[in-house]
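Novice: the following comprises the amino acid sequence and a computationally predicted model.
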Amino acid sequence: MPLSDIRMGTWVHSIELRHGQGAKLVRAAGAYAKVVKESATQCLVRLPSGVEKLIDSRCRATIGIVSNPTHGARKLRKAGHSRWLGRRPVVRGVAMNPVDHPHEGGEGRTKGGRPSVSPWGKPTKAGYRTVPKKPKAQLSRD
């Protein structure tokens, strides 16, 4: 249903960004957005992140909330379940062999022998080569 036909205050999901392009926003399980304001050509929609976005009123959306809100709360029964989802195991560098990581192996337990680095020897802590994040605009126009 076009956003122009949806009343203010209604919960919506599966929102198009451009007319006829197909749903791009608010598609995750249990997600919803709220129509905050309407004008002749645009609607202001509050997304789950809290950002309010102006969207063309010809764009379509579905009224209601996406089903299965407890999807993210389900328990993974075993390590294999996590692997089915494409998640790799997290292994400490000191637990690896010297050929696999700069924090090396050795006989018995070791302290790692050098500051925290990635498997490729790049520093990983203390903000190494990080750029400060730019503040996100609270109101964006498309």
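Specialist: The structure has been received and is ready for your questions.
Novice: and the helices in this structure?
Specialist: 79-84 (DSSP state H).
Novice: please identify the residue most distant from the middle of it.
Specialist: Most distant residue from the mean C-alpha position of the chain: Glu107, 41.3 Å away (Cα atoms, centre = their mean).
Novice: that one and Asn97, how far apart?
Specialist: 12 Å (Cβ to Cβ, to the nearest Å). Heads up, the C-betas are built off the backbone N, CA and C, glycines and all.
Novice: nearest residue to Gly22 in space, please, no chain neighbours.
Specialist: Distances taken as Cβ to Cβ, 6 or more residues apart in numbering place Glu16 nearest to Gly22, at 6.4 Å, with adjacent residues excluded.
Novice: next, count neighbours for that neighbour.
Specialist: 19 (other Cβ atoms under 10 Å).
Novice: that one bridge partners, please.
Specialist: Ala23 (DSSP bridges).
Novice: so who does it touch?
Specialist: Listed by Cβ atoms under 8 Å, 6 or more residues apart in numbering, the contact partners of Glu16 are 22-25, 55, 59-61.
Novice: highest neighbour count among the residues you listed?
Specialist: Ala61 (25 neighbours).
Novice: isn't that residue up against Ser14?
Specialist: Yes. Contact criterion Cβ atoms under 8 Å: Ala61 and Ser14 qualify, at 6.3 Å.
Novice: mind listing the shared neighbours of the two?
Specialist: Ala23.
Novice: what's the domain layout of this structure?
Specialist: 3-68, 76-123 (automatic domain parsing).
Novice: any idea how far apart the tips of the last one sit?
Specialist: Pointing back at domain 76-123 there. 32 Å (Cα to Cα, to the nearest Å).
Novice: quick check: mean pLDDT of that domain?
Specialist: For domain 76-123, mean pLDDT is 84.
Novice: and it, how far from the chain's centre?
Specialist: Domain 76-123 has its C-alpha centroid displaced from the chain centroid by 25 Å (Cα atoms, centre = their mean, to the nearest Å).
Novice: and the first one, by the same measure?
Specialist: Taking Cα atoms, centre = their mean, the mean C-alpha location of domain 3-68 is offset from the chain mean by 18 Å.
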